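In: My questions concern the predicted model and sequence given below.
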Amino acid sequence: MLLLHTADWHLGHSLHDLDRHPEHALFLAWLLDRLEERRVDALLVCGDVFDASNPPARALAQWFGFLAEARRRLPRLQIVAIAGNHDSAARLDAPGPLLEACGLRVVGGPRAEPAAMVVPLLDAGGRPAARVLAVPFLRPGDLPRVEPGPGEDPASACVRAFYTRAAAAARAQAGPDEALVALGHCHLAGGLSSETSERRLVTGGLEGLAAEALPAATYVALGHLHLAQRVGVEHVRYAGSPLPLSLDERTYRHQVLLVTLDGPRLAGIEPLPVPRARQIVRLPEEGALPPAALLERLRTLAPPGDGGLPPLLDLAVELSAPSPTLRREVEEALGDKPFRLARLQLRYPGHAGPACQRELCCPLRELAPEEVLRLAWQARFPGEPPEPLRAAYQELVAEARAAGEKP
């Protein structure tokens with residue numbers, strides 16, 4: 001039996017104001033082709049289907065359009081999806097009866113009856129070959145209160161108790177030759193995270209759960225961490241996100257995982273790299289460049305020849321003073337080259353903010369307006385505010401005072 005493990009699609013995501021809809025469309029088309037080419041029996045989507053609990057209409061249309069096309073092209077394909085921390089559990093559950101009538105199972109919120117989270121997977125002959133324990137993202141209010149074991153943190157103990165009860169329901173349904181596949185959306189201790197794109201699970205101590213909280217299973221398919229990885233053992237896997245969700249993920253290997261089951265045994269795990277529809281170009285690769293050097297690099301920057309979507313530019317420039325015209329100069333240096341400027345990072349070497357930390361901590365009302373300007377400037381730039389800025393600021397202060405004195 002073949003399963004395709006995916007997670008963290010984040011439909012509706014934007015990156016530095018760039019709509020990712022075209023990239024998601026290309027990924028979903030590629031995914032359908034792989035499902036058909038490999039004759040996959042079941043697709044697992046391990047949470048964060050959407051980027052927000054109230055996704056835009058285009059993202060909803062993309063999700064339902066994918067499900068409809070998968071059903072049309074692959075009528076035998078079984079799809080099991082769970083909610084992640086970015087998703088609205090109620091929104092994913094709402095069309096549940098309609099989706100189940102089409103052979104699709106979506107578990108948005110945890111079920112009071114554990115058996116309702118167990119999904120049988122059928123082989124080509126229509127016989128149960130595996131049981132999926134589809135546990136969505138668990139919030140503290142979803143968890144039973146239990147006493148932790150020796151050396152066990154309370155959050156891991158509560159999650160372990162939830163999974164233990166659910167796994168017992170799955171095993172009660174499964175035959176001796178059926179595999180148990182556990183789904184989850186959580187952050188396991190030891191997992192490598194993407195600090196710039198993942199929403200931390202800080203509520204109720206759910207950041208860094210012990211792997212022992214998860215049940216013994218043939219395969220554990222996880223979502224939440226965007227870097228594809230195994231945690232501790234071979235069969236506990238994060239598929240990772242199919243698209244880079246921050247500029248700092250440009251070096252990640254984005255993929256899905258093809259999982260082969262042989263009865264109750266795990267027979268193989270094959271990563272399938274997801275083609276990147278839009279490249280991310282970082283200049284320079286490390287550190288920052290002075291403006292003249294950066295502009296020269298941009299003038300000689302060769303456009304990509306892959307025919308994909310315009311690449312994103314992530315630029316870092318080293319300045320000694322603010323440069324109001326820098327963005328315009330960057331755009332002029334690029335000319336009509338097919339690049340999109342996503343981020344322009346400004347670095348001021350040796351600048352560590354205001355020298356007097358006491359001034360930053362004192363109440364605002366105790367500072368003269370001129371001191372507020374100076375501290376605000378020095379929080380971002382070295383030296384003193386330039387005279388034209390000081391003069392304009394003093395004009396505004398005088399106007400504000402005059403307006404406040406009027407009866």
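Out: Received it, and whenever you're ready, just let me know what you need. Numbering: from 1, shown residues only.

In: Could you report the separation of Ala161 from Pro140?
Out: 13 Å (Cβ to Cβ, to the nearest Å). Glycine gets a C-beta too; all of them are placed from N, C-alpha and C.

In: Compare neighbour counts for those two and give me the winner.
Out: Ala161 (17 against 12; other Cβ atoms under 10 Å).

In: my guess is that one meets Pro144, correct?
Out: Yes. Contact criterion Cβ atoms under 8 Å: Ala161 and Pro144 qualify, at 5.0 Å.

In: domain parsing for the protein?
Out: 2-273, 280-347, 357-405 (automatic domain parsing).

In: give me every residue that touches Pro56.
Out: Gly12 (Cβ atoms under 8 Å, 6 or more residues apart in numbering).

In: Quick check: it vs Asp19, distance?
Out: In terms of Cβ to Cβ, Pro56 sits 9 Å off from Asp19.

In: Also Val159?
Out: 36 Å.

In: So which of the two has more stuff around it?
Out: Neighbours per residue (other Cβ under 10 Å) separate Val159 from Asp19, with Val159 holding more: 27 against 13.

In: Tell me the backbone dihedrals of that one, please.
Out: Per-residue torsions, Val159: phi -70, psi -40 (degrees, to the nearest 10).

In: Report the contact partners of the nearest residue to it once chain neighbours are set aside.
Out: Nearest residue to Val159, sequence neighbours excluded (Cβ to Cβ, 6 or more residues apart in numbering): Ala213, at 4.2 Å. Residues counted as contacts of Ala213 (Cβ under 8 Å, 6+ apart) are Ser156, Ala157, Val159, Arg160, Tyr163.

In: mind checking how far Ala213 is from Pro144?
Out: From Ala213 over to Pro144 (counting by Cβ to Cβ), the distance is 13 Å.

In: Likewise for Gln279?
Out: 47 Å.

In: ok, now Pro136?
Out: For Pro136, the distance to Pro144 - Cβ to Cβ - is 16 Å.

In: Helices of the stretch 201-350 of the chain, residue ranges please.
Out: Applying DSSP state H, counting those that start in this stretch to the stretch 201-350 of the chain gives helices spanning 291-299, 326-334.

In: residues in contact with the last one?
Out: What that stands for is helix 326-334. Under Cβ under 8 Å, 6+ apart, the answer for helix 326-334 is 291, 294-296, 298-299, 301, 313, 315, 317, 319, 341, 344, 346.

In: again, only using 6 Å
Out: For helix 326-334, the surrounding residues in contact (Cβ atoms under 6 Å, 6 or more residues apart in numbering) are Leu295, Leu298, Arg299.

In: Return the residues in contact with the second one.
Out: What that stands for is Leu298. Counting by Cβ under 6 Å, 6+ apart, the residues that Leu298 touches are Ala333, Leu334.

In: and the gap between it and Gly287?
Out: 16 Å.

In: Am I right that Tyr393 sits in a strand?
Out: No. According to DSSP: H, G, I helix; E, B strand; the rest coil, Tyr393 belongs to no strand; its state is helix.

In: Let me know whether it touches Glu371 as I believe.
Out: No. Counting by Cβ atoms under 6 Å, Tyr393 sits too far from Glu371 to count as a contact (11.5 Å).
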